[in-house]
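> sequence first, then the predicted structure, then my questions.
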Amino acid sequence: MFEIEMLFAFAFFALGLYGISSRDDFLRIFFSLEILINSIIMMLAISAYHLGLAQNLVLSYMIIVIATLEAGVGLLIFSASNKIANIKSADKFEESADDK
Amino acid sequence: MSIALLFIAFLFAVGSLNIRQTVPALISFISMMFVLGLFYISLDEKLLALFQIFVYTGGIMVLMLFGVTIIGDKFDDFTLRPVAIVSSVLIFVALSVIFFKHKDTLLQAPLDIDNGLFVSQYSDFIIIFGLIGVSLLYGTVKMVKVLKKRSRDV
């Protein structure tokens, strides 16, 4: 059981990495980042349950709070870039800078 | 039960990255996080599940809805990048190999973690929270300044 759950956590991690490296939209990059962070929380929770590492849960709470803040800051950057240069894709930052 | 929940969450995660409409993709993503909360309940970690569902899922949902209002109802087209697929599969294999190589050590070794930072006193976390809070405040103030300057220039 422990092994299968950890394998799922690794699969989530790989999926998040795939999303970050293959998608252009800000929102999809946010999704991928959150999937990555969720995989880390999963690893901590699974090891807390199966190995008895209770302090992992405290780390998980901290990661959840930080991840929510990170999403807020990320969306602030996205909305600012959209307001300044009207871009919706991270790959178009450079083109927009070249145009100016 | 927990494996089934993880499988459903994984399907929702794949859906959130591949659905072309923004709102169904967001719903798929939120469903993934909710199912992960149920998975934590199945692990008997109820407080973590409450954090996951009410703080994390709720907060992210509101923020992402704000993002959807900017992006519109459809994502841009994307091209499949073989390098991304290969690298993520390689990462998965590498993590699995490392885990299975050291699994016995994890399960058998006595863990001597009674003392030390973040273990003996949870108040140690205040340092990290303080640093993060100051960094976020600085970033926000800087961003507002840049925006004001750019709007004056335009």
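That came through, no problem. Numbering: from 1, shown residues only, chains lettered A, B, ... in the order given.
> all helices for chain B, in order.
For chain B, the helices defined by DSSP state H cover B:2-18, B:22-42, B:46-50, B:58-71, B:82-101, B:103-108, B:125-153.
> now the longest one: average pLDDT?
Spelled out, that is helix B:125-153. Rounded to a whole number, the mean pLDDT of helix B:125-153 is 72.
> what's the offset of it from the middle of its chain?
22 Å (Cα atoms, centre = their mean, to the nearest Å).
> now swap in stretch B:57-73 and tell me
A distance of 15 Å separates the centroid of the chain from that of stretch B:57-73, by Cα atoms, centre = their mean.
> now stretch B:49-58
Offset of stretch B:49-58 from its chain centre (Cα atoms, centre = their mean): 12 Å.
> pull up the distance across that stretch, start to finish.
Using Cα to Cα, to the nearest Å, one end of stretch B:49-58 lies 12 Å from the other.
> torsion angles phi and psi at B:Asp44?
When read as degrees, to the nearest 10, the backbone of B:Asp44 gives phi 70, psi 30.
> below-threshold pLDDT in chain B: ranges please.
Chain B contains residues with pLDDT under 70 at B:109-125, B:128, B:150-154.
> pull the number of nearby residues for B:Asp73.
Residues contacting B:Asp73 under the criterion other Cβ atoms under 10 Å in any protein chain shown number 10. (Each C-beta comes from the backbone N, C-alpha and C, glycine too.)
> these two touch, right, it and B:Val23?
Yes. Between B:Asp73 and B:Val23 a contact is recorded at 6.9 Å, counting by Cβ atoms under 8 Å.
> could I get the full set of strands for chain A?
Remark: no strands are assigned in chain A by DSSP state E.
> for it, what are the low-confidence residue spans?
Residue ranges of chain A with pLDDT under 70: A:85-100.
> grab the most central residue of it for me.
Centrality entry for chain A: nearest residue to the mean C-alpha point is A:Leu33, 1.6 Å, by Cα atoms, centre = their mean.
> chain A: helices as residue ranges?
Under the criterion DSSP H, helices of chain A are mapped to A:2-22, A:26-51, A:55-85, A:93-99.
> could I get these as JSON lines with distance to B:Ile91?
Shown next, in JSON lines, are these (distance: least, Cβ to Cβ, whole Å):
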{"stretch": "helix A:2-22", "distance to B:Ile91": "5"}
{"stretch": "helix A:26-51", "distance to B:Ile91": "11"}
{"stretch": "helix A:55-85", "distance to B:Ile91": "20"}
{"stretch": "helix A:93-99", "distance to B:Ile91": "26"}
